[in-house]
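[1] What would the 3D arrangement of this be:
(2 chains)
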There are 2 protein chains.
Amino acid sequence: MKAEIITIGDEILIGQTVDTNSTWLAENLHPLGVRVNRIVSITDTRNAIREAVEDSFSRADIVLMTGGLGPTQDDITKETLAEFFDTELERDQEVLKGIEEFFRSKGRPVLEVNRAQADLPKGARILKNRKGTAQGMWFERDGKVLISMPGVPYEMKCIMDEGGFEMLRERFNAPRIIHRTVLTLGIGESFLADLMSDWETSLRNEGLSLAYLPSPGLVRLRLSGFAENGAAQKVEERIAHYIEELERRVPQHAFGYEKQTIAEVVGALLTERGATLSLAESCTGGYISHLVTSVAGCSVFYKGGVTAYANEAKTAMINVPAALIETHGAVSEEVVRAMAEGARKRFGTTYAIATSGVAGPDGGTADKPVGTVWMALAGPENTLTERHQLGRSRVGNITVSALLALNWLRIQILSKQFEISE
Amino acid sequence: MKAEIITIGDEILIGQTVDTNSTWLAENLHPLGVRVNRIVSITDTRNAIREAVEDSFSRADIVLMTGGLGPTQDDITKETLAEFFDTELERDQEVLKGIEEFFRSKGRPVLEVNRAQADLPKGARILKNRKGTAQGMWFERDGKVLISMPGVPYEMKCIMDEGGFEMLRERFNAPRIIHRTVLTLGIGESFLADLMSDWETSLRNEGLSLAYLPSPGLVRLRLSGFAENGAAQKVEERIAHYIEELERRVPQHAFGYEKQTIAEVVGALLTERGATLSLAESCTGGYISHLVTSVAGCSVFYKGGVTAYANEAKTAMINVPAALIETHGAVSEEVVRAMAEGARKRFGTTYAIATSGVAGPDGGTADKPVGTVWMALAGPENTLTERHQLGRSRVGNITVSALLALNWLRIQILSKQFEISE
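    As a prediction, this is how the structure comes out:
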């Protein structure tokens, strides 16, 4: 099954926005056995849209479009598609009700431009957008499908996740590809590939495929195999076998599956054990707290944290002796240890994590260059400390430190269950 | 001057890599007055490349290609381009020397596949790649230019920065496009469009164009105009005029320009005034702290914050009386006020922001449904409180609350400078 993706909007063409919609769509079409042959970004004029649609529709079985469906005057995708599919716009009363309800729930008046978003091409199937007012539209002709969606990423994802993918799966009945994704943390792509090269070779020899999907601090490994005629279970078992082997060999790095986050994994481990967590952040500046509180239901295990940015805050809020900071500096093993122990005591939790480092871009010294990060983990039995030397990017250092700290807690909680050789 | 970008490689089409090359090229072509009309990602087969090149070359003045120049057999871009431009490959002795030197400097042997990277199309100008072995190639025909570059981002950037852009600037002498972006917060795209429709009409009547670029909690407004033959200053003045009018009419929403963040803007206002900030976060869970500490140099104005998730933490860390929580509930005007005042006192800052709300997905009641957020802002003169009713998404509620809270602080700091009618 061949697909093409069309993204509409000047923000991509002038380099203001990176096109992550296409990446997400391509990644999620893959498990359905749909191959994306072409992605094109165009400007939102009638001609450009018309030309791109004609072009893609002539070649592909499935065309996915994002963008150009906003309420403002400059969005003409809907009209252009109605013209291409020889139909006309008609106000959909059910969609209109939904739009009115959407605004009512936010306590805002409904404007005529908002109502006009219920004007939809006759004959198109509507793919509900629960997160916004521009609906998804499903057109069909000559056995081919075109789906048009808004460009706001979370609205587009909602439309596909809550109907779009399922409808494609039903409509095209393509041979299934089975995918499992394992998440790893704390090891670079090339080191992991080198460490696991025999494993990768053996996996490929069995007809499975492997993709490394890196993002800052994380590498996702996607294992895939074609399940021809009812061989699904066998393929699933082979994939499970290789995942188990990976986990046995790098338990300190393999932390979860699919769309899990490290904070979810840690949260589940804490919840199972009735254990609790608090935080004392300096260089991570509240980002670990943000990751933890992004997990729904985190109040069961998370009591709270302090972002102790100023030295006085470290002293006043979590009892770090001023003299200790004076002697060793805020970025030191001694201070980060005192921060973790202070937070653990003040919040009364089982564990506490503390971070103190030089996030950059300024503030580095010869001893403690930008990227130096001290972490401490205080628990019921002892307090551990670790020093990391990360990179030069402030955002990168904050992100990676936070992920490493949470993974470290995971390793310590599980350390009695596996032998870790780092 | 019209350009098109072609990126070659399966990693984008299967969703493994986000196409940041196109974004970077588009962003950097813009100031040269080069308008990117189309970006297309294709697979690396001879047919796909040939078709895309023919297609783009027929429409655009400039075609930029990245990818498909690796040393392996499956990279056939160079051959396909030689064919398209009616020429043949020939080993370039100077490039060959450079490649051999490149490998020698890394202490690695030179393989024949590496030497073959010196086989370049006769007649093409070479754009030096200082960071790798695949050279950039500049082709010209019918007054049009095609540049082919490797897909590795830092190699591509090196080629363009160290020659490509300058050669384009010399070759075309194009009319400039002038852009300014204004950032707004706390008002939806359609409300803003409705409120400013006369302004938008007048702007368009003067030949300027306007784009609304929404993302969660934010709408960016981009104003653009063509500067023909030295009219740049006049266009800049017209754009500045419309931006000033926007700012005069919605000062509570228009908070910054271009790539600024609300935290940067607030940080600059605090720094100018020698004022400081602390935070007491409940529903935002450390996200405001993360936004603030993402600003380099924030330690000048930011002392720290507490994520007081558990009720006991609110009491222990920022002195919220337990009885107050008991009587009014944690999500209440009374408690959020006490949180802000407690944080301001404990951290000893000029201002303190506090948030308490029901982020969701669970925990809502009839009185306080999911999306209810109380905020307080304690300052030297008084403490203000506000209630917001946001949406149903946990991530959305956290993000939007944090942005609104920071913007509220901005408004209060500036409130003596403008009349705000909300």
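[2] A:Leu377: helix or strand, and which one exactly?
    According to DSSP states H and E, A:Leu377 maps onto strand A:372-378.
[3] How about that strand and chain B, touching?
    No. Using C-beta under 8 Å from any C-beta of the partner chain, strand A:372-378 never reaches chain B; the gap is at least 13.8 Å. No exception for glycine: its C-beta is placed from N, CA and C like everyone else's.
[4] Can you list the buried residues in the helix-or-strand element of chain A with minimal mean pLDDT?
    Using mean pLDDT, DSSP states H and E, the weakest-scoring helix or strand in chain A turns out to be strand A:209-215, at a mean of 81. Of the residues in strand A:209-215, A:210-211, A:213 count as buried by neighbour count, 16 or more other C-beta atoms under 10 Å in any protein chain shown.
[5] on that earlier part again, does anything pack onto the strand holding A:Leu377? Which helices or strands?
    On a contact count with 3 or more C-beta pairs under 8 Å, 6 or more residues apart in numbering or on different chains; DSSP states H and E, strand A:372-378 meets helix A:333-347, strand A:351-357, strand A:383-389, helix A:394-414.
[6] Show me chain A divided up by domain.
    Annotated domains of chain A cover A:2-172, A:178-257, A:262-414 [automatic domain parsing].
[7] just those: most buried one?
    Stretch with highest mean neighbour count among the domains of chain A: domain A:262-414 (a mean of 21; mean count of other C-beta atoms under 10 Å in any protein chain shown).
[8] So A:Thr349 is in contact with A:Thr276, correct?
    Yes. Counting by C-beta atoms under 8 Å, A:Thr349 touches A:Thr276, with 4.1 Å between them.
[9] Touching both of these two, which residues are there?
    Counting by C-beta atoms under 8 Å, 6 or more residues apart in numbering or on different chains, the shared contacts of A:Thr349 and A:Thr276 are A:Lys303.
[10] Secondary structure class of the residue most central in space within chain A, three-state.
    Closest to where the C-alpha atoms of chain A average out (C-alpha atoms, centre = their mean) is A:Lys259, at 7.1 Å. Here A:Lys259 is coil, with the state taken from DSSP: H, G, I helix; E, B strand; the rest coil.
[11] likewise A:Glu312?
    Secondary structure for A:Glu312, judged by three-state DSSP, is helix.
[12] Name all residues that make contact with it.
    By C-beta under 8 Å, 6+ apart, the neighbours of A:Glu312 are B:303, B:348.
[13] and A:Ala330, what are its phi and psi?
    Per-residue torsions, A:Ala330: phi -70, psi -30 (degrees, to the nearest 10).
[14] How about the residues of the stretch 251-400 of chain A by chain B?
    A:278-279, A:281, A:284-290, A:292-294, A:296-299, A:302-310, A:312-313, A:316-317, A:346-348, A:359-362, A:394-395, A:398.
[15] Let's see which of these end up in strands.
    Of these, the ones assigned to strands by DSSP state E are A:278-279, A:281, A:302-308.
[16] For the residues you listed, give me TSV that also has pLDDT.
    Output for these, formatted as TSV (pLDDT from 0 to 100):
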residue	pLDDT
A:Ser278	98
A:Leu279	98
A:Glu281	98
A:Tyr302	98
A:Lys303	97
A:Gly304	97
A:Gly305	98
A:Val306	98
A:Thr307	97
A:Ala308	94
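[17] tell me the contacts of A:Gly391?
    A:Gly391 neighbours (C-beta under 8 Å, 6+ apart): A:371, A:397, A:400.
[18] and the last one, what is it in contact with?
    With contacts taken as C-beta under 8 Å, 6+ apart, A:Val400 has the following neighbours: A:216-217, A:390-391.
[19] Put together TSV for the residues you listed, with pLDDT on each row.
    Below are the contacts of A:Val400 laid out as TSV (pLDDT from 0 to 100):
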residue	pLDDT
A:Pro216	79
A:Gly217	85
A:Leu390	93
A:Gly391	86
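[20] so what strands line up beside the helix or strand harbouring A:Val36?
    Per DSSP H and E: A:Val36 is located in strand A:35-42. Strand A:35-42 pairs in its sheet with strand A:2-8 (parallel), strand B:35-42 (antiparallel), by DSSP bridges.
[21] Ok, which of the ones you listed comes nearest B:Leu195?
    Ranking the strands paired with strand A:35-42 by their distance to B:Leu195 (criterion: C-beta to C-beta) puts strand A:2-8 first, at 25.3 Å.
[22] With just CA atoms, put the closest one into PDB.
    Taking C-alpha atoms only, strand A:2-8 is exported to PDB below (Å, rounded to 0.1, in the frame of the first residue of the first chain):
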ATOM      1  CA  LYS A   2       1.600   3.300  -1.100                       C
ATOM      2  CA  ALA A   3       1.000   6.600   0.600                       C
ATOM      3  CA  GLU A   4       2.000  10.200   0.100                       C
ATOM      4  CA  ILE A   5       1.800  13.000   2.700                       C
ATOM      5  CA  ILE A   6       1.000  16.600   1.900                       C
ATOM      6  CA  THR A   7       1.600  19.300   4.500                       C
ATOM      7  CA  ILE A   8       0.200  22.700   3.900                       C
END
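[23] Excluding chain neighbours, what is closest to A:Ile288?
    Nearest residue to A:Ile288, sequence neighbours excluded (C-beta to C-beta, 6 or more residues apart in numbering or on different chains): A:Ala402, at 4.5 Å.
[24] show me where pLDDT drops low in the stretch 51-200 of chain A?
    Flagging of the stretch 51-200 of chain A using pLDDT under 70 yields the residue ranges A:73-74, A:174-175.
[25] Which parts of it are helices?
    Per DSSP state H, counting those that start in this stretch, the stretch 51-200 of chain A carries helices over the ranges A:77-84, A:93-105, A:112-115, A:153-159, A:165-172, A:189-195, A:197-205.
[26] and the shortest one with chain B, contact?
    Yes. Using C-beta under 8 Å from any C-beta, we find that helix A:112-115 touches chain B at A:113-114.
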